[in-house]
Every structure is written in C-alpha cells, then in structure tokens.
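[1] test case, fold it:
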Amino acid sequence: MQKNLTNSTRPPFASLVRELPSVVPFVPPEALERQSGKKIQIRIGANESTFGISPLAQKAMAEAVTEIHWYGDSECYDLRSELARIHQIRMDEIVIGSGIDELLGLIVRAFLEPGDRVVSSLGGYPTFNYHVAGFGAKLETVPYQNFMNDLDALAAKAVETGARMVYLANPDNPTGTFHSARALEKFMDKLPKDCLLLLDEAYIEFAPAAETLPLDLENPRIIRTRTFSKVYGMAGARIGYALAEQEIIRAIDKIRNHFGVNRVAQAGAIASLQDTEFLRHVVQAVAEGRKEYEQLAKKLGFTAIPSHTNFVAIDVGCDQKAAAIREALFEKGIFIRVPQVAPLNRCLRVTVGTPEERRIFAQALEEVVSE
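    Below you'll find the predicted structure:
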C-alpha cells in the first residue's frame with residue numbers, strides 16, 4: 001500500500017550546504033558529448049597524458065585486477081615505502097589519496113575553520129576553491145601578473161587578511177608557468193608565521209629539477225601534493241600523495257578514507273615509479289610537443305606562454321576569439337579548454353598530445369583561424 005507523502009517534511013540541509021551554489025569545478029568531456037550529441041575525437045583539454053601508462057604499470061594493474069574482490073591496503077604500505085626510498089624521506093611523511101583533488105579537500109578540512117581566510121590566484125585551479133567553499137572558509141584572490149602567480153601580491157594578501165593558508169600550483173595550472181626554488185624561498189619568508197603553504201606540484205616532473213624547491217619535511221608550514229595523473233598517465237585510476245611533516249600526516253590520517261585508494265591503482269603507481277625509462281620518454285616527448293605548439297602559435301600570430309607542464313596556454317589576444325576558436329574546434333571533434341577568468345580567458349589551454357594528435361590539432365586550428 002503506497003503511503004501518502006503529501007504532508008511529509010524533508011529534513012533540513014546543513015546551512016553551509018544550503019548556501020553553496022550548484023556548481024562543479026569542471027564539466028567532464030563525457031558531459032559535453034552528451035549535451036552536444038557530438039563525439040570527441042581528439043581529447044586534449046583535460047591535461048591527461050595521451051602517451052598512456054608504463055608497460056610495467058599496465059602489467060601490474062592487470063595482475064591486480066584478479067584480486068579486485070579484496071580491498072586495497074588501507075595503509076598503502078608498499079607504495080609509501082617506494083616513495084620514501086625515491087625521495088629519501090620517512091614513510092610517515094607521506095599520505096596517499098585518490099588523487100590530489102581528494103587530498104586538497106582533506107588538507108582544507110584539517111586546517112581551516114568556517115570563516116578562515118585562504119589566499120590563491122584569481123583563475124587558479126578551481127577544485128581547490130570548491131573545497132574551500134565546501135568547508136566554509138573564505139577565499140581571497142589576487143590576479144596573475146604576466147600569466148604568472150604574483151608571489152609578492154599573494155604574500156601581501158595573506159598578511160593583510162591574516163590568511164591561514166595560501167594555495168600555489170607550481171608549475172601552474174592553467175598557465176603552465178613556473179617559479180624557481182629561490183623565488184619560492186623568498187615568498188615563504190614573507191608569509192605570516194602561522195600560515196600554511198599548500199604547494200600543488202601535480203606537474204613537477206616536467207619542471208627543471210635543478211630549480212625545484214628541495215624537500216624539507218621538517219618545515220611544518222608547507223604541504224606538497226603530487227599525482228600519478230599527469231606524467232604517469234593514470235588519471236582514471238585516481239591516485240596521488242602528499243608530503244609533509246609527520247604531525248601533519250598524522251592529522252590527515254585521522255580523517256582520510258582509509259580504503260579510498262583501490263589495489264589496482266596502488267599496483268600501477270608502484271610499477272610506474274620503477275619504470276624510469278618510461279618517465280624519461282614522456283617528459284622528452286612532451287618537451288618536443290611544447291616546442292611544436294610554440295611554433296604553431298607564432299605562425300598564427302598568437303603567443304604561447306612558456307610552459308613547464310604537459311600543456312601549453314596559447315594567448316590569442318581576446319576572450320571572444322578564444323571562446324569562438326574553442327567552439328569551432330569542438331565542432332571538428334577536438335576538445336580543448338579556455339580558462340574562465342580574465343585575462344586567462346584569452347588563452348587556449350591545450351594538452352601536448354601524441355605526434356598524430358598534434359598534427360590533427362594544428363591543421364584544425366589553422367583552418368579555424370583562417371575562417
């Protein structure tokens with residue numbers, strides 16, 4: 001017998017949830033296909049690696065599938081052990097999560113109270129902003145300067161607002177620009193003493209090693225996040241890690257989803273770390289592709305922003321032109337992205353694909369521009 005629900009009352013949502021806008025950081029390519037009815041042929045808009053995964057990782061993941069009826073190791077012991085060996089750090093200075101996106105949420109939750117101020121660049125990685133809003137903190141932003149994170153302005157804003165945290169992606173997303181270790185050291189000296197630097201290093205393998213900030217995990221004012229989604233090509237497996245002082249890792253361990261990283265992803269990550277030749281191949285192939293994009297941009301009268309990532313942001317001069325080019329390319333089955341905040345919205349952000357993908361993209365872009 002069906003119950004009469006006419007007089008039923010839905011329990012109220014939490015006030016924080018009621019006030020949140022109904023937005024997501026990114027619309028996935030699959031949703032764009034469903035909305036448009038068009039099939040994406042060249043997928044170079046989400047900063048995924050189109051070079052695939054390491055053969056060693058593929059073999060290890062295939063073997064792990066035979067044990068998928070078991071939960072993954074909740075301590076990620078073998079993976080943390082391998083990371084500790086590579087980085088020459090302690091295992092208890094590492095925490096594993098289902099990608100940097102989950103780790104950003106855990107870090108925000110661990111450090112911020114509702115109403116706390118957080119500083120980031122205007123137009124920076126939107127998933128971080130999503131977590132800040134989701135836990136009730138307040139985001140303060142400063143504009144990019146010449147398409148780079150403005151370190152002086154970020155530090156000044158942190159001092160002005162009494163920020164508890166500053167988020168910085170280095171190399172940056174969506175511009176691809178990079179600050180040296182010396183610049184970051186000077187930047188950290190200007191931050192308030194009780195302010196945490198959350199340093200997102202998703203693309204660090206593409207940056208010059210000699211200029212990368214050394215690991216100093218005794219410093220309790222910095223957390224560094226890294227991922228297997230980019231150079232290792234495991235975006236769909238959802239696995240990343242954070243490096244920090246032991247007490248910070250213990251705090252995050254109190255709130256993380258202990259069985260959130262599946263055993264297939266763990267097996268693939270371990271094998272990927274061991275396949276250094278594949279890593280070198282991808283880094284070199286991406287560097288070659290970046291040069292091709294720079295030449296293409298110059299040929300068309302545009303400007304490629306110098307990148308230390310697996311994508312290039314191409315400044316086409318104005319936001320209307322960038323949006324029009326993106327839509328025209330989508331009509332041709334090519335998926336790229338355009339940042340949503342000025343002046344970054346003048347740029348086409350294009351993943352460095354395989355040589356064949358780059359050839360197809362270049363031909364299509366030239367056709368669109370000529371039209």
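
[2] rest of the way, CA atoms for contacts and neighbours
    Will do.

[3] show me what contacts Pro11?
    Going by CA atoms under 8 Å, 6 or more residues apart in numbering, Pro11 touches no other residue.

[4] distance of it relative to Leu32?
    Distance, Pro11 to Leu32, by CA to CA, to the nearest Å: 34 Å.

[5] next: Lys38.
    Distance from Lys38 to Leu32, by CA to CA: 8 Å.

[6] do the same with Arg10
    When Arg10 is compared with Leu32 (using CA to CA), they lie 33 Å apart.

[7] higher neighbour count, the two?
    Leu32 (15 against 6; other CA atoms under 10 Å).

[8] does that one count as helix, strand or coil?
    Taken by DSSP: H, G, I helix; E, B strand; the rest coil, the conformation at Leu32 corresponds to helix.

[9] so how far is the lowest-mean-pLDDT helix or strand in the chain from its chain's centroid?
    Least confident helix or strand, the chain: helix 15-19 with a mean of 90, by mean pLDDT, DSSP states H and E. How far helix 15-19 lies from its chain's middle: 26 Å, per CA atoms, centre = their mean, to the nearest Å.

[10] now do stretch 89-107
    Using CA atoms, centre = their mean, the offset of stretch 89-107 from its chain centre is 14 Å.

[11] what's next to that stretch, contact-wise?
    Contact with stretch 89-107 is made by 76, 80-81, 83-84, 127-128, 131-132, 202, 217, 225-229, 238-246, 249-250, 252-253, 255-256, 260-261, as judged by CA under 8 Å, 6+ apart.

[12] just the buried members of those residues?
    For the contacts of stretch 89-107, a burial check counting by 16 or more other CA atoms under 10 Å picks out 76, 80-81, 83-84, 127-128, 131-132, 202, 217, 225-229, 238-246, 249, 252-253, 256, 260-261.

[13] so which of the residues you listed sit within strands?
    Within those, residues falling in strands by DSSP state E are Thr225, Arg226, Thr227, Gly240, Tyr241, Ala242, Leu243.

[14] wait, the first one touches Gly240, no?
    Yes: contact criterion CA atoms under 8 Å: Thr225 and Gly240 qualify, at 7.5 Å.

[15] the closest residue in space to Thr212 that isn't next to it in sequence: neighbour count?
    Once flanking residues are discounted, Thr212 sits nearest to Ala181: 5.2 Å by CA to CA, 6 or more residues apart in numbering. Neighbourhood size, Ala181 [other CA under 10 Å]: 15.

[16] wait, Ala181 touches Ala209, no?
    No: with contacts counted by CA under 8 Å, Ala181 stays clear of Ala209, the gap being 9.9 Å.

[17] now do the helices in this structure.
    For the chain, the helices defined by DSSP state H cover 15-19, 29-36, 55-65, 77-87, 100-111, 126-134, 151-161, 181-190, 246-253, 263-274, 276-299, 319-331, 355-370.

[18] tell me the most buried of those?
    Most buried of the helices of the chain by mean neighbour count (mean count of other CA atoms under 10 Å) is helix 263-274; its value is a mean of 23.

[19] what about stretch 123-143, distance to the chain center?
    Centroid separation between stretch 123-143 and its chain, computed with CA atoms, centre = their mean, is 14 Å.
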